[in-house]
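# Predicted structure and sequence below. I'll ask about it afterward.
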Amino acid sequence: MGKSMAVNAGSSTLKFKLFQMPEETEISSGVVERIGLKDSLVLIKYGDGQKFEETLDIESHEQAIQIMLDQLLDLKIIKDYNEITGVGHRVVAGGELFSDSALIDDKVIEQIESLAEYAPLHNPAEAMGIRAFKKLLPDIPSVAVFDTSFHTSMPAVNYMYPLPYEYYEKFGARKYGAHGTSHRYVAHKAAEMLGRPLEDLKLVTLHIGAGASITAIQNGKSYDTSMGFTPLTGVMMATRTGDIDVSLVKYLMEKLNIGMDEMIDILNHKSGLIGVSGVSADMRDVEGVQDKNDRAKLARDMYIERIVRYVGQYIAELDGVDAIVFTAGVGENDFTIRQEVADKLGFFGIKVDPEKNHIRGVQRDLSADDATVKTLLIPTNEELMIVRDIERLKK
Ligand SMILES: Nc1ncnc2c1ncn2[C@@H]1O[C@H](COP(=O)(O)OP(=O)(O)O)[C@@H](O)[C@H]1O
Ligand SMILES: CC(=O)OP(=O)(O)O
Ligand SMILES: [Mg+2]
């Protein structure tokens, strides 16, 4: 009994959902988008179809949390913070410390902070969010749900880097992946939609938002994933490079006369869509100008190409595939990207019906009638997975 809140701090967004438990009814949901960019958007849904919307500049996740919490009271979604009986936080990096979600105490917060280098855009903001909530609601149980947990099933052949082996043993130098809660959620939904046991399926799940990762799933378990030691690698993202030659990094540091911290900041914050297009980190802005801006078009083409490359690679690794799944900000909303990615994967029997695909944010089978591999659109729900873990762990 009570209301549970899931808090999901992404690199560019802060999302929350408030659920009545144990019924899992959604009471309210909210998102602050474009944190750190101009014109951040605050959107809160509550009641029966009521909405609160405001556009303002929001610099940090801390500011976003404060605005959200104030609005919960102002909009009378709750009368008192004490109505919230459990809080769950998404945390990106759990390293090898956390193979499951954890009840938060001071030690867990310190461990999350100690993993800052494993997810520099996320863990510090998430730890800050946890502390902010702890201050406000010191006595209610809170849990941390790690993006990396789902990927702990990866075999060594996929999580190891071809570095001297002792770097793994001494320093934990390996691939951890991210977005695991989302990949896990959509994999279960895909099995439901296909009416087949998840254990029998080969899936490639495409979580493409501001951060983006592709996962190969076999027997319901993560088999390989595109993000690495940190969420920097894999496909091209809003502000992150994805895979890049490390020797080029050294070359550029010398040319630019900068140190490693500055270089890592460029790779994480100034690259990807914003770096190539020079227009924006937001796919909507890039697409808005692509007809008259060659660099915007190039950025979008590169983005698509890298997704296609990973999906093809994972179909080979899985030795076949039953379905590919689109989810997260771009995957759920951008039918042009979905269409072009699917068109480039036609060789595998992937084929999207343009009419079915002309949709945003709803669960749907997008496959053409003669497709031999299904293409599914499944809006992710990391927050539902998070509040379920509050119930499981708070006993
Ligand atoms: N209609 C749309 N068309 C294209 N891209 C969109 C659309 N709506 C949202 N996006 C993209 O989704 C991104 C946010 O994805 P999301 O998964 O919510 O973020 P995060 O990675 O911060 O969790 C935005 O940066 C934007 O580029
Ligand atoms: C790990 C990661 O990149 O997360 P997000 O997409 O929420 O920024
Ligand atoms: Mg996200």
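Okay, I see it. Ligands and ions are numbered 1, 2, ... in the order given.
# check contacts around the single nearest residue of the stretch 51-200 of the chain relative to ligand 2.
Closest approach between the stretch 51-200 of the chain and ligand 2, counting by C-beta to the nearest ligand atom: residue 178, at 3.5 Å. Where C-beta positions appear, they are placed from N, C-alpha and C, glycine not excepted. Residue 178 makes contact with 92-93, 119, 147-148, 151, 211, 213, 225, 227, 231, according to C-beta atoms under 8 Å, 6 or more residues apart in numbering.
# Try it again at 10 Å.
92-93, 118-119, 122, 146-148, 150-151, 207, 211-213, 215, 225-228, 230-232, 234 (C-beta atoms under 10 Å, 6 or more residues apart in numbering).
# tell me which element the closest residue to residue 32 other than its chain neighbours is part of?
Distance criterion C-beta to C-beta, 6 or more residues apart in numbering; nearest residue to residue 32, sequence neighbours excluded, is residue 64 at 4.1 Å. If you go by DSSP states H and E, residue 64 is part of helix 61-74.
# How about residue 41?
Counting by DSSP H and E, residue 41 is part of strand 40-46.
# Determine the set of other helices and strands touching the next helix or strand after that strand.
Following strand 40-46 in sequence order, the next helix or strand is strand 50-56 (DSSP H and E). On a contact count with 3 or more C-beta pairs under 10 Å, 6 or more residues apart in numbering; DSSP states H and E, strand 50-56 meets strand 25-33, strand 40-46, helix 61-74.
# contacting residues around the second one?
Meaning strand 40-46. Applying C-beta under 10 Å, 6+ apart, the set of residues contacting strand 40-46 is 12-18, 26-35, 50-59, 63-64, 67-68, 71-72, 74-78.
# what about the strands in this protein?
Counting by DSSP state E, the chain has strands at residues 2-9, 14-21, 25-33, 40-46, 50-56, 84-91, 102-103, 142-146, 202-208, 212-218, 221-225, 323-327, 364-365, 374-377.
# With distance to residue 242 and mean neighbour count as added columns, please give these in JSON lines.
Shown next, in JSON lines, are the strands of the chain (distance: least, C-beta to C-beta, whole Å; neighbours: other C-beta atoms under 10 Å):
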{"stretch": "strand 2-9", "distance to residue 242": "21", "mean neighbour count": "25"}
{"stretch": "strand 14-21", "distance to residue 242": "23", "mean neighbour count": "22"}
{"stretch": "strand 25-33", "distance to residue 242": "22", "mean neighbour count": "19"}
{"stretch": "strand 40-46", "distance to residue 242": "25", "mean neighbour count": "19"}
{"stretch": "strand 50-56", "distance to residue 242": "30", "mean neighbour count": "12"}
{"stretch": "strand 84-91", "distance to residue 242": "22", "mean neighbour count": "25"}
{"stretch": "strand 102-103", "distance to residue 242": "30", "mean neighbour count": "18"}
{"stretch": "strand 142-146", "distance to residue 242": "22", "mean neighbour count": "27"}
{"stretch": "strand 202-208", "distance to residue 242": "11", "mean neighbour count": "27"}
{"stretch": "strand 212-218", "distance to residue 242": "8", "mean neighbour count": "27"}
{"stretch": "strand 221-225", "distance to residue 242": "13", "mean neighbour count": "23"}
{"stretch": "strand 323-327", "distance to residue 242": "18", "mean neighbour count": "26"}
{"stretch": "strand 364-365", "distance to residue 242": "28", "mean neighbour count": "16"}
{"stretch": "strand 374-377", "distance to residue 242": "22", "mean neighbour count": "24"}
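# Kindly reformat those as a markdown table containing distance to ligand 3 and mean pLDDT.
Converted to a markdown table, those look like this (distance: least, C-beta to the ion, whole Å; pLDDT from 0 to 100):
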| stretch | distance to ligand 3 | mean pLDDT |
| --- | --- | --- |
| strand 2-9 | 7 | 92 |
| strand 14-21 | 8 | 94 |
| strand 25-33 | 10 | 94 |
| strand 40-46 | 15 | 93 |
| strand 50-56 | 20 | 93 |
| strand 84-91 | 8 | 95 |
| strand 102-103 | 20 | 97 |
| strand 142-146 | 13 | 97 |
| strand 202-208 | 7 | 98 |
| strand 212-218 | 9 | 98 |
| strand 221-225 | 15 | 98 |
| strand 323-327 | 10 | 98 |
| strand 364-365 | 21 | 98 |
| strand 374-377 | 17 | 98 |
